[in-house]
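Participant: model this:
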Amino acid sequence: MNFIHLMRNASRSLLICLICVLPLFMCSPLFSQTIRVDTTHPVKSIIPTEALGAGIDRLPTAATDKLFTEATIKQVLTAGWQPVSYRQNTELFVEAWHWNPQGTWSDPSGKGYFVGNPKPGDFIRHSFGYFLPHRGFTRNDGTDQNGFSRITDGSTDTYWKSNPYLSKAFTGEDDSKYPQWVVMDLATTHPVDAIRIAWGEPYARRYLVQYWTGEDPIKQPTKGAWLTFPGGAIVDGSGGTKTLQLTSSPMPVRYLRIWMTESSNTCDSHGSADRRNCGGYAIREIYLGTTSADGKFYDLVRHTPDPDQTTTYCSSVDPWHEPSDINDKKDQVGFDLFYTSGYTRGLPAMIPIALIYGTPEDSANQIAYLKARGYQISFVEMGEEPDGQYMLPEDYGALYLQWAKALHKVDPKLKLGGPVFQGVNEDIQVWPDAQGRTSWLGRLVNYLKAHDRLSDLAFMSFEHYPFEPCKIAWSTLYEEPERISHIMQVWRDDGIPATVPFYISELNIAWNTGESFVDTFGALWLADFAGAFFAAGGDGLYYFHYPPMGLHQGCGSSIGTFGMFTTDSNYQIQQYTSQYFASQLITQEWVQPGNAAHQVFPAASDVLDPAGHVLVTAYALHRPDGQWALMIVNKDQENSHAVRINFGDGAAGSDNAFSGTVDVITFGSEQYQWHPTTTGGSANPDGPAARSRMMAAANTTFTLPKASITVLRGNIASGGVAAAKSR
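Facilitator: Modelled structure (predicted):
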């Protein structure tokens, strides 16, 4: 062998050595990839009949009777989800909710504040929301293009009015503790030097007129500041229609705020018989623009009773309404139908009360009704998405405490919670308070503590829609474990005590559907989320949406569905979607169905791609039947991976492995493929999961097919099992 050949062989050996010190994912032929389960540090315990649920939301009225049939419910239940969360949609649309169509109005003429009858009578099959005639929103995160504000509707016969339950008569504190506000968005910057306000009753005695220095005070509340116009501080307001000279010369303004801190407590157009008519603030119309030297006013505002009006936002809305305000196109499923249909499996349900646009008396009667019927309640969610209604945390806190007092009079043992945040990935920010604090949840916790009522927060619930529609790629899958663990840590850092459990009462990939929901991506995301949530210390989740709603256009022209089934136009189930099979793996294969406790243990994988993304995630349970179950998600859509499973604490000689018969249940791209069309799509193949058994020993390697979820279930060496049982 000559020198050149020797050098070539030496180079080849060196190259092999270099390759072998690269990350393990590049050395799978030489080194086995590993999933390690830490059996010494259980994260928590979960009980499937309490922790693995699904949600039922408001439905098109025509769909309810078709979805609440024995045949449909029987098929839905095969997905395996257990308790149900009743989702309240009326508050997102600025509506009052008549949970019981039978009840009484505060005004003897048949209007005002409605309180449902607490005594069981006719079977409640349907219930509806009622649009609020004193609404101050053009749009928010629920209404969007539905409805309009009375502040710029072009009529002084209508008016916005704030929620009277935030006035001193109900909070017991000075009005300045709960400032009410209106924000106007001119869409672009305009020269402004004057405002004309047509006040209703009650009007503001003290208020500030302010302009915003940043880009968007609603979406970016910490990226700017509210500054009071030179002529914008009013300390002796007298109501009526007033024109204020805000500056001596026009200045560029897009966003304007009226910040109200003292009410006249004069009574509105509904009379003085009900003190709620006399608390808060009312504005009939706002005009904004410039004045000429001769005193003429030039208005910039578009006044029209539709969403094309100049946009306004408000702090709160008076829940006063009339029978004619009914929205009977959407059905909040009647409680009797909900509880007796079979969807709840006879388990206690998480139910909401209408807090943001309701009354304490009505909510108390709702609980009394459910108790009289013998319906079981696990938790009571206080309102719905106050962050999407742009409520300040102190306002939500003031309502929370009033409602908690009323509800606990009915049942002191009720577990109340919230705030039912929208699906967010970061802390929710609001305009700074006097101390400069901007965290919504942090301020709510401080508010409850200051009133010595933190104990009334028995749980925290929030929604989880982690990804933005139209911006979902396959690589988005890599982000879920970090996103859910991060936001849960944010809530703890905001001050939620470690003893207060976390429940995600509504969840899916994004807040608008698309093809990602129904192809294999949707299944892998759901399994990865569920495992990551419990591994991060979560207590219970509710998949959304339980009843089948069929395919519809979501993000752009992409077709998908929130749910586990495709349907025909009559809501009859046609096919399973990928999330149906993922649901079964979670609820029937990974966990042992029933009401026994499972221990959750940490698991880690060293299977990475060249960019450092974790391609394989694993979630470990020690089940009540003594078996260990791993739910493993292979997010590599091109390659299978062979892995070894180690159980132990990582110390030399302490590891165990599966021993004996191991059940292998796999669902992925080999069992399911979605084929989209311009109008819908279908799956072929359409499941089911593949099932097999294998004999395992210390050196057994398990193959994870590409783009798949695999549940491995079996026993480990006796020493490992004994150690786990002894803790």
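Participant: for the one helix or strand residue 490 maps to, buried residues please.
Facilitator: For residue 490, the host element (DSSP states H and E) is helix 480-493. Neighbour-count burial for helix 480-493, counted by 16 or more other CB atoms under 10 Å, picks out 480-481, 483-485, 487-488, 490-491. Backbone N, C-alpha and C define where each C-beta goes, glycine included.
Participant: send the alpha carbons of it over as PDB?
Facilitator: Extracted C-alpha coordinates of helix 480-493, given in PDB (Å, rounded to 0.1, in the frame of the first residue of the first chain):
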ATOM      1  CA  GLU A 480     -46.300  23.500  20.200                       C
ATOM      2  CA  PRO A 481     -44.600  22.000  23.300                       C
ATOM      3  CA  GLU A 482     -42.700  25.300  24.000                       C
ATOM      4  CA  ARG A 483     -45.800  27.400  23.300                       C
ATOM      5  CA  ILE A 484     -48.100  25.700  25.800                       C
ATOM      6  CA  SER A 485     -45.500  25.400  28.500                       C
ATOM      7  CA  HIS A 486     -44.500  29.000  28.100                       C
ATOM      8  CA  ILE A 487     -47.900  30.500  28.400                       C
ATOM      9  CA  MET A 488     -48.700  28.400  31.500                       C
ATOM     10  CA  GLN A 489     -45.500  29.700  33.100                       C
ATOM     11  CA  VAL A 490     -46.500  33.200  32.200                       C
ATOM     12  CA  TRP A 491     -49.800  32.800  34.100                       C
ATOM     13  CA  ARG A 492     -47.900  31.500  37.100                       C
ATOM     14  CA  ASP A 493     -45.500  34.400  36.900                       C
END
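Participant: what lies in contact with that helix?
Facilitator: 424-427, 441, 460, 462, 464, 466, 498, 502, 525, 528-529, 532-533, 535-538, 614, 617 (CB atoms under 8 Å, 6 or more residues apart in numbering).
Participant: among those, which are in helices?
Facilitator: If you go by DSSP state H, the contacts of helix 480-493 have 441, 525, 528-529, 532-533, 535 in helices.
Participant: and those residues as a markdown table, adding neighbour count, distance to residue 559 and pLDDT?
Facilitator: Compiled in a markdown table, the ones in helices among the contacts of helix 480-493 are given as follows (neighbours: other CB atoms under 10 Å; distance: CB to CB, whole Å; pLDDT from 0 to 100):
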| residue | neighbour count | distance to residue 559 | pLDDT |
| --- | --- | --- | --- |
| 441 | 22 | 36 | 98 |
| 525 | 27 | 18 | 98 |
| 528 | 24 | 23 | 98 |
| 529 | 26 | 22 | 98 |
| 532 | 20 | 28 | 98 |
| 533 | 25 | 28 | 98 |
| 535 | 21 | 33 | 98 |
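Participant: now do the SS call for residue 236.
Facilitator: coil (DSSP: H, G, I helix; E, B strand; the rest coil).
Participant: tell me the contacts of it?
Facilitator: Here residue 236 is in contact with 205-206 (CB under 8 Å, 6+ apart).
Participant: what about it, distance to residue 199?
Facilitator: Distance, residue 236 to residue 199, by CB to CB, to the nearest Å: 13 Å.
Participant: same check, this time on residue 419
Facilitator: 32 Å.
Participant: next: residue 182.
Facilitator: Taking CB to CB, one finds residue 182 at 12 Å from residue 199.
Participant: which residues are common contacts for these two?
Facilitator: Common neighbours of residue 182 and residue 199 (CB under 8 Å, 6+ apart) are residue 283.
Participant: do a quick rundown of the helices in this protein.
Facilitator: 3-20, 48-51, 61-67, 70-77, 168-171, 335-340, 360-373, 393-410, 440-450, 480-493, 515-518, 520-535, 578-584, 718-726.
Participant: take these and lay them out in TSV including distance to residue 310.
Facilitator: Shown next, in TSV, are those (distance: least, CB to CB, whole Å):
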stretch	distance to residue 310
helix 3-20	65
helix 48-51	47
helix 61-67	33
helix 70-77	45
helix 168-171	31
helix 335-340	40
helix 360-373	33
helix 393-410	24
helix 440-450	27
helix 480-493	35
helix 515-518	36
helix 520-535	40
helix 578-584	42
helix 718-726	64
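Participant: per-residue pLDDT, the residue nearest to residue 36 when sequence neighbours are not counted?
Facilitator: Once flanking residues are discounted, residue 36 sits nearest to residue 646: 4.8 Å by CB to CB, 6 or more residues apart in numbering. pLDDT for residue 646: 95.
Participant: got it, and residue 253?
Facilitator: 98.
Participant: how many neighbours does it have?
Facilitator: Residues near residue 253, counting by other CB atoms under 10 Å, number 23.
Participant: same check on residue 354?
Facilitator: 26.
Participant: ok, it - contacts?
Facilitator: Contacts of residue 354 (CB under 8 Å, 6+ apart): 88, 90-91, 96-97, 99, 362-363, 383.
Participant: how about a cut-off of 6 Å?
Facilitator: For residue 354, the contacting residues are residue 97, by CB atoms under 6 Å, 6 or more residues apart in numbering.
Participant: averaged pLDDT, the helix holding residue 490. What do you get?
Facilitator: 98.
Participant: got it, and stretch 400-416?
Facilitator: 98.
Participant: again, but for stretch 336-344
Facilitator: 98.
Participant: can you offset everything so residue one is 2?
Facilitator: I'll keep to 2 as the first residue from here, and by that count the last item is stretch 337-345.
Participant: which of the residues in that stretch are buried?
Facilitator: For stretch 337-345, by 16+ other CB under 10 Å, it's 337-340, 342, 344-345.
Participant: want to throw those residues into TSV with distance to residue 705?
Facilitator: Below are the buried residues of stretch 337-345 laid out as TSV (distance: CB to CB, whole Å):
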residue	distance to residue 705
337	47
338	43
339	40
340	42
342	39
344	34
345	36
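Participant: nearest to residue 70, of these?
Facilitator: The closest of those to residue 70 turns out to be residue 342 (CB to CB; 8.8 Å).
Participant: give me the distance between that closest one and residue 557.
Facilitator: 35 Å.
Participant: next one: residue 667
Facilitator: On the measure of CB to CB, residue 667 and residue 557 end up 32 Å apart.
Participant: more crowded one of those two?
Facilitator: residue 667 (21 against 10).
Participant: quick check: that one touching residue 712?
Facilitator: No - shown here, residue 667 and residue 712 do not form a contact pair, counting by CB atoms under 6 Å, at 7.7 Å.
Participant: sorry, back to before: how far out from the middle of the chain is the helix holding residue 491?
Facilitator: 14 Å (CA atoms, centre = their mean, to the nearest Å).
Participant: tell me where the model's unsure across the chain.
Facilitator: 2-33, 651-655, 719-728 (pLDDT under 70).
Participant: the most centrally placed residue in it: what's it in contact with?
Facilitator: Taking CA atoms, centre = their mean, the centroid of the chain lies closest to residue 464, which sits 1.9 Å from it. Applying CB under 6 Å, 6+ apart, we find residue 464 in contact with 423-424, 507.
Participant: closest one of these to residue 447?
Facilitator: Distances from residue 447 to the contacts of residue 464, taken by CB to CB, are shortest for residue 423, at 21.4 Å.
Participant: my guess is residue 212 contacts residue 252, does it?
Facilitator: No - using CB under 6 Å, residue 212 makes no contact with residue 252, being 7.6 Å away.
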